[in-house]
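In: Here is a sequence with its predicted model. Questions after.
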Amino acid sequence: MHGKIDLNLFVILKTVYQEGSITSAADKLHLTQPAVSHALSRLRDKFDDPLFIRHGRRMVPSPFCQKIIAQVIESVQALEATMNNQRLFDIAAFKREIKFGFRDILESIFFPPLMSDLLTNTPNITINSRQVSHVDMEKSLENQELDIVIDVLTPTSNHIKNTFICNEHFSLICRHDHPILNDLTVQNYAKASHALVSLKGAQVDIIDMALAKHALARNVVLKCEHYFAATKVISQSDMIMTMPNAYAQVLKEQMPVHVTSLPFDVPLMPVHMYWHEQADDDLVNSWMREKLLGLAQQLIPADKLKSDN
């Protein structure tokens, strides 16, 4: 045997062997009988062997065909699995550092269960996480400084892929015995002393936009970049703060603060996962994206997992 050979011929060889009939094989492959017969003829020329001998209505494999058929079937099945993207992927076979871009609020929500799972099941996968701004996100993904970013919905170029993770809503957080809890109106909310977490690269604050519809504005007395530090201050003062509810619930378990609903409507905050198109077919990156989507389903209430789009 020499020269190039069409791999489709082996699919036909496998099917004729399994069906025991050229007619049945043609039907299964949606080919004509002459096409199947011609393919077998080409293989017979290549192997210099009849491959099948007609016995009544059945095609009986030759000794040579019986010798090679197991390897042919295994190879064809492996090729079909690859083409259909169904080949089993064993993450344990990869030693890899995955670089994340998170905001602190999302890092605190996703990291505890993610790291617990990875340490138990895939210790070969390590994580490197840092905060990233809207401005730096696209460049960091393109330069492979980051593999995956989880952030609020933001415009990107066509080279950046994204998928919806969840909708997050905002809550008010304050110390347990704060006077505002006795009369929480939108007017009292606006007049209170506010702590504001302002992240680098943040755009117009949707809280202020929603409050402006009531012709009101917050009385901001403290600005910082980290919710944890701000919550520490909140727990020991008369200031209040507005923040994503999921992170507020995390901090409530760590500090003496109260979490409650806002006295006015604020649009939901869509959270998305981002990656560069060059990582589309990266098996480890794809595995981690699926892992994060699975975590979101466990951590976020079902009604927050629905996109408004």
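Out: Yep, that arrived. Numbering: from 1, shown residues only.

In: Now do the strands in the chain.
Out: Applying DSSP state E to the chain gives strands spanning 52-55, 58-61, 96-102, 125-131, 148-152, 160-168, 170-175, 193-197, 219-224, 240-244, 257-261, 269-276.

In: Please convert the ones you listed to JSON lines, extending it with mean neighbour count and distance to residue 182.
Out: To be clear about C-beta, it is placed using only N, CA and C from the backbone, and glycine gets the same treatment. Output for those, formatted as JSON lines (neighbours: other CB atoms under 10 Å; distance: least, CB to CB, whole Å):
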{"stretch": "strand 52-55", "mean neighbour count": "13", "distance to residue 182": "89"}
{"stretch": "strand 58-61", "mean neighbour count": "16", "distance to residue 182": "87"}
{"stretch": "strand 96-102", "mean neighbour count": "18", "distance to residue 182": "37"}
{"stretch": "strand 125-131", "mean neighbour count": "15", "distance to residue 182": "37"}
{"stretch": "strand 148-152", "mean neighbour count": "22", "distance to residue 182": "33"}
{"stretch": "strand 160-168", "mean neighbour count": "19", "distance to residue 182": "27"}
{"stretch": "strand 170-175", "mean neighbour count": "22", "distance to residue 182": "12"}
{"stretch": "strand 193-197", "mean neighbour count": "20", "distance to residue 182": "16"}
{"stretch": "strand 219-224", "mean neighbour count": "13", "distance to residue 182": "19"}
{"stretch": "strand 240-244", "mean neighbour count": "23", "distance to residue 182": "13"}
{"stretch": "strand 257-261", "mean neighbour count": "16", "distance to residue 182": "12"}
{"stretch": "strand 269-276", "mean neighbour count": "20", "distance to residue 182": "28"}
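
In: With distance to residue 76 and mean pLDDT as added columns, please give those in TSV.
Out: Formatted as TSV, these follow (distance: least, CB to CB, whole Å; pLDDT from 0 to 100):
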stretch	distance to residue 76	mean pLDDT
strand 52-55	17	88
strand 58-61	15	89
strand 96-102	31	90
strand 125-131	32	87
strand 148-152	35	88
strand 160-168	32	87
strand 170-175	55	96
strand 193-197	58	94
strand 219-224	62	93
strand 240-244	51	93
strand 257-261	58	97
strand 269-276	33	89
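
In: Any chance of a markdown table for the ones you listed, columns distance to residue 25?
Out: Formatted as a markdown table, the strands of the chain follow (distance: least, CB to CB, whole Å):
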| stretch | distance to residue 25 |
| --- | --- |
| strand 52-55 | 10 |
| strand 58-61 | 9 |
| strand 96-102 | 43 |
| strand 125-131 | 44 |
| strand 148-152 | 46 |
| strand 160-168 | 41 |
| strand 170-175 | 63 |
| strand 193-197 | 67 |
| strand 219-224 | 71 |
| strand 240-244 | 59 |
| strand 257-261 | 66 |
| strand 269-276 | 43 |
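
In: so which of those gets nearest residue 28?
Out: strand 58-61 (13.7 Å; CB to CB).

In: Report the strands that pair with the closest one, each with its relative direction.
Out: Looking at strand 58-61 with DSSP bridges, its partner strands are strand 52-55 (antiparallel).

In: Please compute how far the strand it pairs with lies from its chain's middle.
Out: 52 Å (CA atoms, centre = their mean, to the nearest Å).

In: Tell me which residues touch residue 18, please.
Out: Residue 18 sits next to 25, 73 when contact means CB atoms under 8 Å, 6 or more residues apart in numbering.

In: Mind doing that once more with 10 Å?
Out: Neighbouring residues of residue 18 by CB atoms under 10 Å, 6 or more residues apart in numbering: 24-25, 28, 69, 73.

In: of those residues, closest to residue 252?
Out: residue 73 (58.9 Å).

In: and the gap between that closest one and residue 65?
Out: 11 Å (CB to CB, to the nearest Å).

In: For the two, indicate the residue with more neighbours.
Out: Set residue 73 next to residue 65 and count neighbours by other CB atoms under 10 Å: residue 65 wins out with 21 against 16.

In: quick revisit: which one, of the strands of the chain, ends up nearest to residue 295?
Out: strand 160-168 (9.3 Å).

In: Just give the strands next to the closest one in its sheet, each with its orientation.
Out: strand 269-276 (antiparallel).

In: Helix or strand with the lowest mean pLDDT in the chain?
Out: Lowest by mean pLDDT, DSSP states H and E among the helices and strands of the chain is helix 104-121, with a mean of 76.

In: quick one: low-confidence parts of the protein?
Out: Scanning the chain with the threshold set as pLDDT under 70 gives 1-5, 81-89, 104-105, 199-204, 299-309.

In: Walk me through the domains of it.
Out: 8-83, 91-167+270-304, 170-261 (automatic domain parsing).

In: surely residue 164 meets residue 268?
Out: No. Look at residue 164 against residue 268 with CB atoms under 10 Å: they stay out of range, at 11.5 Å.

In: Common neighbours of residue 73 and residue 65, please.
Out: 13, 17.
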